[in-house]
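Trainee: Coordinates for the following, if possible.
(one chain, ligands or ions: 1)
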Amino acid sequence: MCGIVGYVGFRDCSDVLIDSLSKLEYRGYDSAGIAVFEDGKIKDKMQAEHSKPEGHCGIGHTRWATHGEPSDINSHPHGNKRVSIVHNGIIENYKEIKEFLAAQGYGFESQTDTETVAKLLDYYYDGKPLETISRVIAEIRGSYALGIMFRDFPDRVFAVRKNSPLIVGLGEGENFIASDVPAILKYTREYYLLEHNEIAVLSADKVKIYDVHGNMLEKQVQVADWDIDAAEKGGYEHFMLKEIHEQPTAIRTTITPRICEDMVDFSEIGMTDEMLNSYRQIFVVACGTAMHAGMVGKYVIEKLARVPVIVDIASEFRYREPLIEKDDLMILISQSGETADTLAALALAKEVGATTLSIVNVKGSSIARESDMVIYTHAGPEISVASTKAYAVQIAVMYMLAFKLAYAKGKITKDEYVSLVKELKTTPDYLEKILVNTDYCKFVASKLMNASSLLYIGRGLDYALSMEGSLKLKEISYIHSESYAAGELKHGTISLVTEEMPVIAVATQKNLLEKTVSNIKEVKARGAMVVLVCGESLEVENDVADYLIKLPEINDLLMPILACVPLQLLAYYTSVLKGCDVDKPRNLAKSVTVE
Ligand code: F6R
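Mentor: Residues are numbered from 1 along each chain as shown. Sure, this is the predicted structure:
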């Protein structure tokens, strides 16, 4: 959460910072601020509507509030006339530091943990920035990506990170820091990744990276393969809608390079069938939408490969003393690759010697770097806070893993394997057809927008999908919704059902159809308005559902790839019709780097 940027070069610094921050708004948008050197002084301007400082070197921040309410006083940058900083992360021991500094006579204006770091830098500052930064990072605990300016160095930006992402963008006569690649794409595609506690010193014509002992380090230049259009709306009203429409391409780009002769090829990560065959059980650990992708993976792996899969919410996994062992495989799923709880679960798995495999969208992110193997999803940057295309590619990778594992285990024949892979390859074509006309979903959304509470129901894979549909709707439309295993309703929840509570039923699995239809009839009998998402061949009596969203039919196992689209669209249009901020729903941030 929070996004930080920094710039030194020949352009108008305020313009660059504000432009770069706009690309990081998905990381938090409670407030924003910049500080720029103007005539050798640090000019600090809260909020872009004030007149902007003029200069060529500065730092900026967009905030997702952790300590202290969203307000001007809590906005970054923090500091004083000598030192100014922006920070992404959480300083766990800020209270002790604050007490110490208060005893030295320092006053504090904000409630933030960041201000204590700024004042600690000031306290230790002796004219030598590198030594000062090293001293401060030796004292602070927690996570941080810091952009720092010292008054005595008006043509330099300093940066350091630990457990929060930070890249150093490399331009011609200009250099950048940023929390994520989209912030710099307009200016350069080349960047360095900073390891924990490496300190970067940027001037217009060079970047130097040091370790905490002051030794200069050689770094490898990374090249972003995302193009600049990927971080723009491209004519769509919202990023979310654009990203929903990008799903066919995202799936193609993710699966095509990993399919060879209609079989899954993970040789890029050195994964052989023997390795896959050797794991005792599989843990899938993730948060939110990524965890829902894990649920789809669980059904498919267990069904095809007959290997037990335990899906866990990362924040729960960590604290329940999980029974994971060295013969187990842990799959971590994360769009950002920075989610704090998922990262911590990864560390725990490594401690016990389990093999870790991450499925991550952001190259060089912490989870990707720290796991034993990484399969990158190639969704391109996902800007909308509500995840759509990242989910689609996560499940596509889970399918590939399931097919490969099932074949490695001898649970499916080569013909079955090849036929499943071939069908997976056709899913983008079907998605394209579904996306040609989204009007009906918009119409159905108009029937949902006034509800105050909704239920999503399904069985098996449809239940996994319902979880995602429900999360999508509630996070962007603010309508309360729950997902339920359809058969579980009558064990309590059905008492909530009235004509006031619409029910979205997902029924794409033919073997469970009859049962699900019975459950739909049960809620219909209690007056609920029912929206049914199902395959096109399903014949249901007229009175079973009020609105039918029919999908082309492919292998049942693969239906979640298609059925996620109407669920995303229902959420999207409900949010639009309600006038909500679709791409930046309240209280949320895209990259959750706090526990
Ligand atoms: C919801 C959503 C979140 C994320 C979750 C994990 O639309 O996007 O639930 O899925 O915060 O984030 P990553 O995938 O970055 O680990």
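Trainee: tell me how far the helix of greatest length in the chain is from the chain's mean position?
Mentor: Of all segments of type helix in the chain, defined using DSSP state H, the longest is helix 414-436. When C-alpha coordinates are averaged (C-alpha atoms, centre = their mean, to the nearest Å), helix 414-436 and its chain have centres 26 Å apart.
Trainee: ditto for stretch 535-553
Mentor: Relative to where its chain is centred, stretch 535-553 has its mean C-alpha point 33 Å off (C-alpha atoms, centre = their mean).
Trainee: before we move on, what about stretch 54-71?
Mentor: How far stretch 54-71 lies from its chain's middle: 21 Å, per C-alpha atoms, centre = their mean.
Trainee: next one: stretch 396-414
Mentor: The chain centroid and the centroid of stretch 396-414 are separated by 27 Å under C-alpha atoms, centre = their mean.
Trainee: ok, residues contacting it?
Mentor: 251, 254-255, 258-259, 263-264, 266, 271, 273-274, 276-277, 293-294, 296-297, 300-301, 304-307, 331, 333, 359, 375, 377, 417, 420-421, 424, 427, 557-558, 561 (C-beta atoms under 8 Å, 6 or more residues apart in numbering). C-beta coordinates here come from the backbone N, C-alpha and C atoms, glycine included.
Trainee: let's see 7 Å
Mentor: Stretch 396-414 is touched from outside by 251, 254-255, 258, 264, 266, 273, 276-277, 293, 296-297, 300-301, 304-307, 359, 375, 377, 417, 420-421, 424, 558, 561, with contacts defined as C-beta atoms under 7 Å, 6 or more residues apart in numbering.
Trainee: Can you point out the buried residues in stretch 112-123?
Mentor: Residues of stretch 112-123 classed as buried by neighbour count (16 or more other C-beta atoms under 10 Å): 112-123.
Trainee: what sits against the closest residue to the ligand within the chain?
Mentor: Using C-beta to the nearest ligand atom, the closest approach of the chain to the ligand is made by residue 288 at 1.9 Å. Residue 288 is in contact with residue 471, counting by C-beta under 7 Å, 6+ apart.
Trainee: Need phi/psi at it.
Mentor: The phi/psi pair for residue 288 (degrees, to the nearest 10) reads phi 50, psi -130.
Trainee: okay, now the domains of this structure?
Mentor: 3-231, 239-433, 439-578 (automatic domain parsing).
Trainee: next one: the last one to chain centre, how far?
Mentor: When you say that, I think you mean domain 439-578. 25 Å.
Trainee: measure that domain end to end?
Mentor: 16 Å (C-alpha to C-alpha, to the nearest Å).
Trainee: now the first one
Mentor: With C-alpha to C-alpha as the measure, the first residue of domain 3-231 is 15 Å from its last.
Trainee: remind me which residues of the chain are low pLDDT?
Mentor: Within the chain, the stretches with pLDDT under 70 are 1, 45-50, 66-68, 594.
Trainee: mind running it again at 50?
Mentor: The model of the chain has pLDDT under 50 over residues 47-49.
Trainee: For it, what lies in contact range of the ligand?
Mentor: 287-290, 334-336, 339, 342, 386-387, 471, 475, 591-592 (C-beta under 6 Å from any ligand atom).
Trainee: By neighbours, which of the residues you listed wins?
Mentor: Within the residues of the chain next to the ligand, most neighbours by other C-beta atoms under 10 Å means residue 334, with 34 neighbours.
Trainee: wait, that residue sits on residue 366?
Mentor: No. Judged on C-beta atoms under 7 Å, residue 334 makes no contact with residue 366 at a distance of 9.2 Å.
Trainee: could you pull out the strands for the stretch 51-200 of the chain?
Mentor: All strands of the stretch 51-200 of the chain, identified by DSSP state E, counting those that start in this stretch, fall at 57-63, 78-79, 83-91, 142-150, 157-162, 167-170, 175-178, 190-193, 199-202.
Trainee: quick one: contacts of the third one?
Mentor: Think strand 83-91. Residues from elsewhere that reach strand 83-91, judged by C-beta under 7 Å, 6+ apart: 2-4, 35, 42, 44, 59-61, 66, 76-79, 113-114, 116-118, 121-122, 125, 140, 142-150, 163-164, 179, 593-594.
Trainee: please redo it, this time with the cut-off set to 6 Å
Mentor: With contacts defined as C-beta atoms under 6 Å, 6 or more residues apart in numbering, strand 83-91 is touched by 2, 4, 35, 42, 59, 61, 66, 76-79, 113-114, 117-118, 121-122, 140, 142-150, 164, 179, 594.
Trainee: And for the first one?
Mentor: Applying C-beta under 6 Å, 6+ apart, the external contacts of strand 57-63 come out as 2-6, 8, 13, 17, 21, 24-25, 28, 30-37, 76-77, 86, 147, 149, 155.
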